[in-house]
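Trainee: Return a 3D structure for these sequence lines:
(2 chains)
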Protein chains: 2
Amino acid sequence: MPKKSERTRQRIVEAANRLFYHKGYNQTSFSDVVMAAGVPRGNIYYYFRTKDEILEASIKYRTERIRQMLDNWSSKYRTPIERLHRFIDILSDSADAIMRYGCPMGTLNTELGKNQDGLQAQAETLFKVFENWLSDQFAELGYAGRASELALRLMSQGQGISVMAHVHNDPGLLRREKEHLGHWLAQLAEGNDACA
Amino acid sequence: MPKKSERTRQRIVEAANRLFYHKGYNQTSFSDVVMAAGVPRGNIYYYFRTKDEILEASIKYRTERIRQMLDNWSSKYRTPIERLHRFIDILSDSADAIMRYGCPMGTLNTELGKNQDGLQAQAETLFKVFENWLSDQFAELGYAGRASELALRLMSQGQGISVMAHVHNDPGLLRREKEHLGHWLAQLAEGNDACA
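Mentor: Prediction:
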């Protein structure tokens, strides 16, 4: 029953994603995932033997979802500056979640980055998918020589804003910093790289 | 034997600080702290009954250490711009630790901020001590009307750079972003707030 198996596997991955985000990877137990997925424990072992395997599947699933989202944005928004603005809109679209749980990619990576290098190396791909796409946008905007640098700078800004909003639970900070970031992008789009 | 007790208590707190930073708060057990402190378990209970109590003491100790450091900087560096540059020097002084373990304050707060609001409220004070001092520097620099906003923006930049350096283990990124931040401060010191 291949269709049903894929659906069950997906249910486990999605339940795990939610728990990893809301509680942290290490604070989530295999049993937590079993219960949240609503799949009998014996059935889960058919798909995943350990929590690490669930994390690996979770990261692959999220990486694919990010790629699809970025492809959609590339189609829907015809200019690089519109795409870059759409990227920073994540900060307002996900404001409540960011203040409550932090950035899903950032917090996962910094948690694993303490003492779980192998797992963090997998989680790092979440950042790289975004960074490659952002780099393409900056290149198309006219900054081909510094595209990667600007992409990393924009990611860095977004990560800092996410941390601050999470630490202080401050929606005003989130709005203000997102607006400031928007001005930075607008200047670059006008060919003004004084603040780049 | 008051002096000896204070030394023992301090040993426990310092051992705990190191573990919380290197492994994370939740990944550190009470037993880990007992072993690292080299104090018999029975003796530890004389000072701390739970890991939460050790965290509370750890945060109070770190808060006091930060205050002393900032007071020293305020004495040693006579102008606000020198003090602000000294602040961002943390990014180079602690480069190896940041790449390996992330920012000690940021990672502690984002870990606790998932599901341990009471503990995160205590850890938030680490940020506030820095932010108040940074705000004073920006006010003295001539930006009294926006001092708090600029302080939070600078903290945000530092946090983002720390996350990116940690995620990518990239010393070049750390150097480049710190240099960029230095330019931002230098512009502000010259009265140029175009990028503020």
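Trainee: counting contacts, what elements does the helix or strand encompassing residue A:45 pack onto?
Mentor: Using DSSP states H and E, residue A:45 sits in helix A:41-47. Where contact means 3 or more Cβ pairs under 8 Å, 6 or more residues apart in numbering or on different chains; DSSP states H and E, helix A:41-47 is packed against helix A:2-23, helix A:30-37. Placement of C-beta: from N, CA and C, glycine included.
Trainee: Going by neighbour count, which residues of that helix are buried?
Mentor: Along helix A:41-47, these residues count as buried under the neighbour rule (16 or more other Cβ atoms under 10 Å in any protein chain shown): A:44, A:47.
Trainee: can you check stretch A:158-172 too?
Mentor: Buried residues in stretch A:158-172, counted by 16+ other Cβ under 10 Å: A:158, A:159, A:160, A:161, A:162, A:163, A:164, A:165, A:166, A:167, A:168, A:169.
Trainee: of all those, which comes closest to residue B:88?
Mentor: Taking Cβ to Cβ as the measure, residue B:88 lies nearest residue A:160 of the buried residues of stretch A:158-172, at 13.1 Å.
Trainee: tell me which parts of chain A are close to chain B?
Mentor: Within reach of chain B by Cβ under 8 Å from any Cβ of the partner chain, chain A has these residues: A:22-24, A:26-27, A:101-102, A:106-107, A:109-111, A:113-115, A:120, A:124, A:127, A:149, A:152-153, A:155-161, A:163-164, A:166-168, A:173, A:176-177, A:180, A:184, A:194-195.
Trainee: so where's chain A uncertain?
Mentor: A:1-4 (pLDDT under 70).
Trainee: For it, just list every one of the strands.
Mentor: Counting by DSSP state E, chain A has no strands to list.
Trainee: now the buried residues of stretch A:158-172 in JSON lines, with distance to residue B:72?
Mentor: Putting the buried residues of stretch A:158-172 into JSON lines (distance: Cβ to Cβ, whole Å) gives the following:
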{"residue": "A:158", "distance to residue B:72": "33"}
{"residue": "A:159", "distance to residue B:72": "30"}
{"residue": "A:160", "distance to residue B:72": "26"}
{"residue": "A:161", "distance to residue B:72": "30"}
{"residue": "A:162", "distance to residue B:72": "31"}
{"residue": "A:163", "distance to residue B:72": "26"}
{"residue": "A:164", "distance to residue B:72": "25"}
{"residue": "A:165", "distance to residue B:72": "31"}
{"residue": "A:166", "distance to residue B:72": "30"}
{"residue": "A:167", "distance to residue B:72": "25"}
{"residue": "A:168", "distance to residue B:72": "26"}
{"residue": "A:169", "distance to residue B:72": "31"}
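Trainee: of these, closest to chain B?
Mentor: Distance to chain B across those (Cβ to the nearest Cβ) is lowest for residue A:160, with 2.6 Å.
Trainee: Please look at the closest one and residue B:152 and confirm they touch.
Mentor: No. Residue A:160 is beyond contact range of residue B:152, at 10.0 Å (criterion: Cβ atoms under 8 Å).
Trainee: May I have stretch A:67-79 exported as PDB, CA atoms only?
Mentor: Extracted in PDB, the C-alpha atoms of stretch A:67-79 (Å, rounded to 0.1, in the frame of the first residue of the first chain):
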ATOM      1  CA  ARG A  67      13.000  25.000  -2.600                       C
ATOM      2  CA  GLN A  68       9.400  24.800  -3.800                       C
ATOM      3  CA  MET A  69       8.500  28.100  -2.000                       C
ATOM      4  CA  LEU A  70      11.500  29.900  -3.500                       C
ATOM      5  CA  ASP A  71      10.700  28.500  -7.000                       C
ATOM      6  CA  ASN A  72       7.100  29.900  -6.500                       C
ATOM      7  CA  TRP A  73       8.500  33.200  -5.400                       C
ATOM      8  CA  SER A  74      10.800  33.300  -8.500                       C
ATOM      9  CA  SER A  75       7.800  32.700 -10.700                       C
ATOM     10  CA  LYS A  76       5.300  35.000  -8.900                       C
ATOM     11  CA  TYR A  77       7.600  38.000  -8.400                       C
ATOM     12  CA  ARG A  78       9.200  39.100 -11.600                       C
ATOM     13  CA  THR A  79      12.000  41.300 -10.300                       C
END
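Trainee: buried stuff in that stretch?
Mentor: Neighbour counts using 16+ other Cβ under 10 Å place A:70, A:73, A:77 of stretch A:67-79 among the buried residues.
Trainee: any idea how far the last one lies from chain B?
Mentor: So the one you mean is residue A:77. Distance, residue A:77 to chain B, using Cβ to the nearest Cβ, to the nearest Å: 24 Å.
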